[in-house]
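Participant: below: sequence and its predicted model.
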Amino acid sequence: MPANLSPQQRLWARILIYLALVYASLPFMPRLVEALIEKTSAQAFSGLMWALFLPPLVWCAWSLRNKPRRIWAEAALAGLLVLLVLILSRSPIEKVHLMVYGLLGFWVGQAWPGRAQLHKALAFILAAGGLDEAIQWLLPMRFGDLTDVLFNFSGGVLGLWLERQRYS
């Protein structure tokens, strides 16, 4: 990235490059995940997803130890959201939605900080997840799904929430 970009411009460049990579991976990602599952097992892949999700959740709980009860209630709700997505996922690859869109939500929260910008952040996350599924409708051997839009949005909201807790 050019050195003359402001920190805000670098952040948006990172977000847009990240989304471009996510969208570019759509044609081959299912085959990659299937190969990983074939080499290990669906249970091992699910275990990997849990291993990737637990450290951020533990970090979040640790960072909230001195926060007011409201924050703990929000954390419990966020944890419930994660559990619901993981339990309701029909396939192991759907668990990846939390991680991919969680990171996006975290960065979007940095790009649009503050309560006044929340509607923009939520709309951007929803649009990015919706575009992901719309692109899949155009690809052979793939299909877009409204449930996946919900998984994408849930992951993004979780990432956004985690980012907001850093400063509350």
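Facilitator: Nice, thanks for sending it over. Being a predicted model, the structure only gives us computed values, none of them experimental. Residues are numbered from 1 along each chain as shown.
Participant: backbone dihedrals for P140, please?
Facilitator: Phi and psi for P140, reported as degrees, to the nearest 10, are phi -70, psi 150.
Participant: mind checking how far it is from P30?
Facilitator: Separation of P140 from P30 (Cβ to Cβ, to the nearest Å) stands at 12 Å. Heads up, the C-betas are built off the backbone N, CA and C, glycines and all.
Participant: and the host helix or strand of W161, what's buried?
Facilitator: Under the criterion of DSSP states H and E, W161 resides in helix 146-165. Neighbour counts over helix 146-165 (16 or more other Cβ atoms under 10 Å) mark 148-165 as buried.
Participant: and P140 and P30? Which one has more around it.
Facilitator: Counted by other Cβ atoms under 10 Å, P140 and P30 do not tie: P30 has more neighbours, with 15 against 5.
Participant: check that one and give its pLDDT.
Facilitator: As predicted, P30 sits at a pLDDT of 77.
Participant: secondary structure element for it?
Facilitator: P30 belongs to helix 29-39, assigned by DSSP H and E.
Participant: and that helix, which residues are buried?
Facilitator: Going by 16+ other Cβ under 10 Å, helix 29-39 has these buried residues: 33, 36-37.
Participant: and these as TSV, adding distance to A123 and pLDDT?
Facilitator: Shown next, in TSV, are those (distance: Cβ to Cβ, whole Å; pLDDT from 0 to 100):
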residue	distance to A123	pLDDT
V33	29	75
L36	33	76
I37	34	76
